[in-house]
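K.L.:
Please find the sequence and the predicted model below.
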Amino acid sequence: MTKHGLILDGGTGRELERIGAPFRQPEWSALALMEAPDTVRTVHDNYIAAGADVITTNSYAVVPFHIGDARFEADGAMLAARAGRLARDAADASRDRKILVAGSLPPVFGSYQPDLFNPALAGRYLDVLVEGMAPSVDLWLAETQSSLAEARAAHQATKETGKPLWLSFTLRDDLPVSQMPEPLLRSNETVKAAAELAASVGAEAMLFNCSMPEVMEAAIAAARSTFEGLGVDIQVGVYANAFPSQQDDAEANATLTEVREDLGPAAYGEWAKRWAASGASIIGGCCGIGADHIHRLSTDYRCF
């Protein structure tokens with residue numbers, strides 16, 4: 001990995017909606033993958049043009065939670081493979097720089113719902129995604145992980161592929177940082193425990209995503225402190241969302257959540273500078289953070 005950091009892409013669902021792709025619940029971003037895959041390619045192209053070094057496959061909603069059990073059984077492998085190919089083709093079309101493709105592995109029973117985790121089913125669902133995307137991706141991005149159990153399942157599903165694993169956790173953001181003794185996952189497990197897990201499974205990077213910008217710096221500090229204590233060199237990254245707090249047992253993609261008006265590209269870039277100063281070397285955006293934000297990061301805020 002480059003010493004100067006990597007810029008990730010931003011959220012996919014809202015970018016698909018913005019450019020007029022088919023988009024509704026419960027399929028969410030998977031609907032465009034099914035009905036208008038050219039729009040998925042357009043979103044990847046837009047993020048590359050904006051300056052992203054890493055684009056993420058549009059596979060987050062390719063799970064029974066979103067597309068239903070029958071559709072997943074019939075088409076899950078095909079849709080995962082399609083998501084991988086669309087991202088790979090977009091990355092390979094870049095002529096000015098190398099673009100990495102991250103294979104998105106979601107929390108398969110819904111975002112922010114660690115209590116619904118079923119290890120037996122999780123392995124089966126993740127295996128379908130991994131098998132479909134493996135030929136196309138450079139690394140695995142297990143994202144919006146609410147618990148250690150979700151992250152362990154992602155490691156189990158990917159460990160035989162030989163590709164790097166990035167673990168990205170979503171954080172509690174319902175309380176001010178000053179009122180939490182230490183940063184916590186949405187399962188109430190500690191960031192310290194998550195960092196220890198990342199080290200134990202050989203993750204190449206540990207990130208924090210799909211939480212408010214305000215809680216990220218404390219998580220960066222906790223992760224870096226843990227890695228230093230363990231004597232391991234693991235990159236730390238952030239890609240926050242533009243939502244108000246979503247802790248109250250709400251599923252992240254249950255509705256089209258209204259985004260905050262105070263997190264435009266310039267304001268988000270100021271947060272990015274703080275994360276970089278705290279030691280984050282991978283920075284991008286999650287829900288509500290679009291191509292304009294990533295362009296701002298890649299031009300004015302590539303300071304890490």
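P.N.:
Received it, and whenever you're ready, just let me know what you need. Keep in mind that what you see is a predicted model, and the values were worked out from it rather than measured.
K.L.:
Let me see the contact set for the closest residue to residue 80 other than its chain neighbours.
P.N.:
The shortest distance from residue 80 to any non-neighbouring residue, by Cβ to Cβ, 6 or more residues apart in numbering, is to residue 132 (2.8 Å). All C-beta spots, glycine's among them, are computed from the backbone N, C-alpha and C. Residue 132 makes contacts with 59, 76-81, 83-84, as judged by Cβ atoms under 8 Å, 6 or more residues apart in numbering.
K.L.:
List buried members of those by neighbour count.
P.N.:
Listed as buried from the contacts of residue 132 are 59, 76-77, 79-81, 83-84; burial here means 16 or more other Cβ atoms under 10 Å.
K.L.:
For residue 164, give me its contacts.
P.N.:
138-140, 203-205.
K.L.:
okay, it: pLDDT?
P.N.:
Looking at residue 164, its pLDDT reads 98.
K.L.:
same thing with residue 245?
P.N.:
73.
K.L.:
Tell me the secondary structure of it, please.
P.N.:
Secondary structure, DSSP: H, G, I helix; E, B strand; the rest coil: residue 245 is coil.
K.L.:
one step back: secondary structure, pLDDT and distance to residue 300 added to the contacts of residue 132, as CSV?
P.N.:
Shown next, in CSV, are these (DSSP: H, G, I helix; E, B strand; the rest coil; pLDDT from 0 to 100; distance: Cβ to Cβ, whole Å):
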residue, secondary structure, pLDDT, distance to residue 300
59, coil, 98, 31
76, helix, 98, 40
77, helix, 98, 41
78, helix, 98, 41
79, helix, 98, 37
80, helix, 98, 36
81, helix, 98, 37
83, helix, 98, 31
84, helix, 98, 32
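K.L.:
ok, of these, which one's closest to residue 237?
P.N.:
Comparing the contacts of residue 132 against residue 237 with Cβ to Cβ places residue 59 closest, at 19.2 Å.
K.L.:
I'd guessed the closest one sits against residue 133; true?
P.N.:
Yes - the criterion here is Cβ atoms under 8 Å, and residue 59 meets it with residue 133 at 6.4 Å.
K.L.:
for the residue nearest the centre of the chain, what are its contacts?
P.N.:
Among the residues of the chain, the one closest to the centroid is residue 143, at 4.0 Å (Cα atoms, centre = their mean). When contacts are counted by Cβ under 8 Å, 6+ apart, residue 143 is found next to 56, 60, 104-106, 168, 207, 209-210.
K.L.:
so the residue nearest to residue 80 is in which element?
P.N.:
Residue 132 belongs to helix 119-133 when elements are defined using DSSP states H and E.
K.L.:
residue boundaries of the helices in the stretch 201-304 of the chain?
P.N.:
216-230, 265-278, 291-300 (DSSP state H, counting those that start in this stretch).
K.L.:
scratch that, the stretch 1-150 of the chain is what I was asking about
P.N.:
Taking DSSP H, counting those that start in this stretch as the criterion, the stretch 1-150 of the chain contains helices spanning 13-18, 30-35, 37-50, 64-67, 69-92, 119-133, 148-158.
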